[in-house]
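Peer 1: Give me a model of this one.
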Amino acid sequence: MTADFATVPTPAGPFTALVDGDGAVLASGWIADPEALRALVHPSIRPAVLRARDELGPVTRAVTAYHEGDLTVIDAVTVRQVSGPFLTQAWEILRKVPAGDPITYTEFAVVSGRPAATRAAANACARNAAALFVPCHRVLRTDGTLGGFRYGLPIKRWLLDHEAA
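Peer 2: Reported below is the predicted structural model:
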C-alpha cells in the first residue's frame with residue numbers, strides 16, 4: 001500500500017499527515033518526519049511506500065483552518081486506526097471531547113466504559129497515531145497538569161491555549 005504525505009507549517013511547528021488512498025488519515029503530528037509517523041501505523045494497514053505531496057486536499061485545509069481558529073473543522077476528517085475493541089472505542093470517544101473543555105484521564109476512563117482503567121485510558125492516548133484528528137491533547141492528569149504528549153508539552157500547552165481562546 002502507498003500513502004501520501006504532506007508537511008505544512010503551523011504556529012505550533014511543522015505538521016505532517018499520512019493519508020491512505022481514500023484520503024483517511026493514518027497518522028499525523030507536529031513532526032516533519034513521515035517515516036516516524038509511518039512507524040506509528042498499525043502493521044496491518046502500514047503503508048510500504050510513502051509519496052510526498054505539496055498538500056492533501058481536505059486534510060491540509062483542515063489543519064490550516066484549525067490552526068487559524070476553526071476548532072471543529074478536524075471533526076469531519078476521516079481517520080483510519082486499527083487496534084483492539086477498547087482502543088478503537090477510546091479513540092472514537094476522544095474525537096467527541098470538545099475543544100476548550102479538556103477531561104482528565106480518570107474521566108476519559110469512565111466515558112470509555114472502564115472506570116478503573118485510568119492507565120488503559122492513558123495508553124489509548126499514547127498509542128494514538130492520528131494526533132489532532134483524534135485529539136488526545138485534550139486529556140489531562142487528575143490534578144490538571146498536562147501529562148505526556150508525543151510531540152512535547154509545549155505543543156500540548158499551545159493546543160490547549162489555542163482551544164481555550
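Peer 1: tell me the domain boundaries of the chain?
Peer 2: As given by automatic domain parsing, the domain ranges for the chain are 2-76, 85-164.
Peer 1: Can you tell me the SS state at the residue lying farthest from the centre of the chain?
Peer 2: Using CA atoms, centre = their mean, the residue of the chain lying farthest from its centre is residue 116. It sits 24.0 Å away. Residue 116 carries the three-state label coil when classified by DSSP: H, G, I helix; E, B strand; the rest coil.
Peer 1: lowest confidence element among the helices and strands of the chain?
Peer 2: When the helices and strands of the chain are scored by mean pLDDT, DSSP states H and E, helix 118-126 comes last with a mean of 89.
Peer 1: buried ones in that helix?
Peer 2: 118, 120, 121, 122, 124, 125 (16 or more other CB atoms under 10 Å). Every C-beta, even on glycine, is put in place using the N, C-alpha and C of the backbone.
Peer 1: By mean pLDDT, show me the worst of the domains of the chain.
Peer 2: Mean pLDDT values for the domains of the chain show the minimum at domain 85-164, a mean of 93.
Peer 1: Put the alpha carbons of the top strand by length along the chain into PDB.
Peer 2: Under DSSP state E, the strand in the chain containing the largest number of residues is strand 2-8. Taking Å, rounded to 0.1, in the frame of the first residue of the first chain, the C-alpha atoms of strand 2-8 are listed here in PDB:
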ATOM      1  CA  THR A   2       1.100   3.500  -0.800                       C
ATOM      2  CA  ALA A   3       0.300   6.500   1.400                       C
ATOM      3  CA  ASP A   4       0.600  10.200   0.500                       C
ATOM      4  CA  PHE A   5       2.100  12.700   3.000                       C
ATOM      5  CA  ALA A   6       2.500  16.400   3.200                       C
ATOM      6  CA  THR A   7       4.000  18.700   5.800                       C
ATOM      7  CA  VAL A   8       2.700  22.200   6.400                       C
END
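Peer 1: Good, we can wrap up now.
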